[in-house]
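Participant: Sequence plus predicted model, see below.
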Amino acid sequence: MTLELWPAIDIRAGRCVRLLRGQFSSETVYGDPLEQAEAFVLAGASRLHVVDLDAAREGGSPNRDVVVRIASSFGVPVQAGGGVRDETAAAALFGAGVARVVVGTVAVEQPEVLARMARRWPGQVLVGLDHRPAAGPKGAFRREVAVRGWVDSGSLDLETALQRLENLPLGGVVVTDIDRDGTGAGPDLAGLAQVLALTGLAVVASGGIAGTADLVALAGLGTGASRLAGAIVGRALLSGALSISEAVAACEQ
């Protein structure tokens, strides 16, 4: 199974940006999202991962027109997320040509809504499990799932979240290590291996990917059918530290 490359375009106030560890105060601007999407596709990207950061934090759909234009303009599948907290929001994105929708907050706070969405669009809804470390019982280590654009953390740990999702007809889970996101510090290989061991769902990795070595390591993670389905790469591609062609070649090794 080839690791799928998902170049990331995060949108805030109509601009393509990257945050450091999900902090809205640590923002780097990379220009126009449509221009960046076109550049990725012209360079060889066969799919795109697009997130409305404003919607993720505040709800609503402040950048939906930009997301929709990306989904309808370049002839590649678009996976979109950010503020998708009900069936109406998901239906609007699917109706506009988005191939897959990623939900986060609703999966934690309203599992019954997630279940309806998964059954209405089987294989097209993914759950974003964005997590950060937290102290567990008696000092035990745990990973706590964050919601509302990573602003809030609930009481749900990553393992429990995965268990809750196992029997739903989902397209997979997007697992993001918040502390690594945007840092280029490398992916959490050990943590992702644990996730693969815990779930039969397709797993897309996100956070910390800096170059070809990271992608080769991710492509080789797991055994048999239990391998990563994809990797989301943002800052490394946007900054020019990694090219689309280099990333695609690494994913195929």
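Facilitator: Looks like it arrived, so ask away. Numbering: from 1, shown residues only.

Participant: mind listing the strands for the stretch 51-200 of the chain?
Facilitator: All strands of the stretch 51-200 of the chain, identified by DSSP state E, counting those that start in this stretch, fall at 78-81, 100-103, 125-135, 141-147, 152-157, 172-177.

Participant: how about those strands in a markdown table, adding mean pLDDT, mean neighbour count and distance to residue 198?
Facilitator: C-beta coordinates here come from the backbone N, C-alpha and C atoms, glycine included. What follows is the strands of the stretch 51-200 of the chain, written out as a markdown table (pLDDT from 0 to 100; neighbours: other Cβ atoms under 10 Å; distance: least, Cβ to Cβ, whole Å):
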| stretch | mean pLDDT | mean neighbour count | distance to residue 198 |
| --- | --- | --- | --- |
| strand 78-81 | 97 | 26 | 22 |
| strand 100-103 | 97 | 25 | 19 |
| strand 125-135 | 84 | 21 | 11 |
| strand 141-147 | 74 | 19 | 11 |
| strand 152-157 | 68 | 14 | 11 |
| strand 172-177 | 94 | 25 | 10 |
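
Participant: could I get these as JSON lines with distance to residue 46?
Facilitator: Below are the strands of the stretch 51-200 of the chain laid out as JSON lines (distance: least, Cβ to Cβ, whole Å):
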{"stretch": "strand 78-81", "distance to residue 46": "11"}
{"stretch": "strand 100-103", "distance to residue 46": "14"}
{"stretch": "strand 125-135", "distance to residue 46": "18"}
{"stretch": "strand 141-147", "distance to residue 46": "30"}
{"stretch": "strand 152-157", "distance to residue 46": "33"}
{"stretch": "strand 172-177", "distance to residue 46": "17"}
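
Participant: what's the closest of the ones you listed to residue 243?
Facilitator: strand 78-81 (20.8 Å; Cβ to Cβ).

Participant: Measure how far the closest one is from the centre of its chain, please.
Facilitator: 8 Å (Cα atoms, centre = their mean, to the nearest Å).

Participant: next one: stretch 187-202
Facilitator: Using Cα atoms, centre = their mean, the offset of stretch 187-202 from its chain centre is 15 Å.

Participant: same check, this time on stretch 109-123
Facilitator: 18 Å.

Participant: Let's test this: mean pLDDT of it, rounded?
Facilitator: The predicted model gives stretch 109-123 an average pLDDT of 96.

Participant: what's next to it, contact-wise?
Facilitator: 85-87, 90, 94, 101, 103, 106-107, 125, 127, 147, 154, 164, 168-171 (Cβ atoms under 8 Å, 6 or more residues apart in numbering).

Participant: 7 Å - rerun?
Facilitator: Residues from elsewhere that reach stretch 109-123 (Cβ atoms under 7 Å, 6 or more residues apart in numbering): 86-87, 90, 94, 103, 106-107, 125, 127, 147, 164, 168-171.

Participant: out of the residues you listed, which is most surrounded?
Facilitator: Neighbour tally across those (other Cβ atoms under 10 Å): the maximum, 30 neighbours, falls on residue 107.

Participant: you'd agree that residue is up against residue 129?
Facilitator: No. Using Cβ atoms under 7 Å, residue 107 is not in contact with residue 129; the gap is 8.0 Å.

Participant: re earlier: now the two most distant members of the contacts of stretch 109-123.
Facilitator: For the contacts of stretch 109-123, the farthest-apart pair by Cβ to Cβ is 94 and 164; their separation is 23.3 Å.

Participant: Residue 176 and residue 95, how far apart?
Facilitator: Here the criterion is Cβ to Cβ, to the nearest Å. By it, residue 176 lies 27 Å from residue 95.

Participant: And residue 10, by the same measure?
Facilitator: 23 Å.

Participant: Looking at these two, which has the bigger crowd around it?
Facilitator: Comparing residue 10 with residue 95 by other Cβ under 10 Å, the one with more neighbours is residue 10, at 25 against 9.
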